[in-house]
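Enquirer: please work out how this folds:
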Amino acid sequence: MSSSSDGRAGGHHDESVFVHGTEQGPADLPHATRKGYITGFVLSVILTIVPFWLVIGDVSLNKFAIVMLILGFGVVQIFVHVVYFLHMNSQSEQGWNLMAFLFTLILVTIALAGSIWIMFNMNLNMMPMSPLYSEEARAAMPELPLQPQGERKH
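Expert: All right, here's what the predicted structure looks like:
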């Protein structure tokens, strides 16, 4: 078995490459070009710099709008990475990769939303720690009648 100078077995010098145990030609590979990588990089840098500017700069938006804009830029950046760097698309050979990716996104979304929901509810149910908050909370709450120790109802 002869070996070519580029490390491929067989010694042939056509445009095919050895990927995951099979030989594939240029038509079989995802379209990864230098222009595509540069476009993805530039978009990623822009989608990173703009949220930093929103936080650091003197932007006259309310806090909620800034948070929603940052989340929006994050979602767009995820899609830029998926398209330009992971080369996922809806072609038939990429369909299973796309389905696995979407399933992962659904699971991560459920886990994050559930975690945020739990933390929010825990925050509401926690006892106040601040003395200032405690005084205000005690003043706003009605007095509860205390039950003597010996007369507990079961």
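
Enquirer: which residues touch Val50?
Expert: By CB atoms under 8 Å, 6 or more residues apart in numbering, the contact set of Val50 is Phe73. Every residue, glycine included, has its C-beta placed from N, CA and C.

Enquirer: what's it sitting at in phi/psi?
Expert: Backbone torsions of Val50, given as degrees, to the nearest 10, read phi -60, psi -50.

Enquirer: where's Ile118, which helix or strand?
Expert: When elements are assigned from DSSP states H and E, Ile118 belongs to helix 95-125.

Enquirer: what average pLDDT does that helix get?
Expert: Mean per-residue pLDDT for helix 95-125: 85.

Enquirer: tell me the buried residues in the host helix or strand of Val67?
Expert: Using DSSP H and E, Val67 maps to helix 63-84. Buried positions in helix 63-84, judged by neighbour count with 16 or more other CB atoms under 10 Å: 73, 77, 80, 82, 84.

Enquirer: in CSV, list those residues along with pLDDT and distance to Ala65.
Expert: What follows is those, written out as CSV (pLDDT from 0 to 100; distance: CB to CB, whole Å):
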residue, pLDDT, distance to Ala65
Phe73, 94, 13
Gln77, 93, 19
Val80, 92, 22
Val82, 86, 26
Tyr84, 89, 28
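
Enquirer: and which of those is nearest Phe41?
Expert: The shortest approach to Phe41 among those belongs to Tyr84, at 8.0 Å (CB to CB).

Enquirer: thought Ile38 was touching the closest one, still the case?
Expert: No. In this structure Tyr84 lies outside contact range of Ile38 using CB atoms under 8 Å: 9.3 Å.

Enquirer: any low-confidence regions in this structure?
Expert: Along the chain, segments meeting pLDDT under 70 span 1-31, 92-94, 127-154.

Enquirer: now Ser60: phi and psi?
Expert: Torsion angles at Ser60 (phi, psi; degrees, to the nearest 10) stand at phi -90, psi 50.

Enquirer: if we can go back for a sec, between the helix holding Val67 and helix 95-125, how big is the angle?
Expert: Orientation of helix 63-84 against helix 95-125 (axes from the mean of the first three to the mean of the last three CA atoms, to 10 degrees) gives an angle of 160 degrees.
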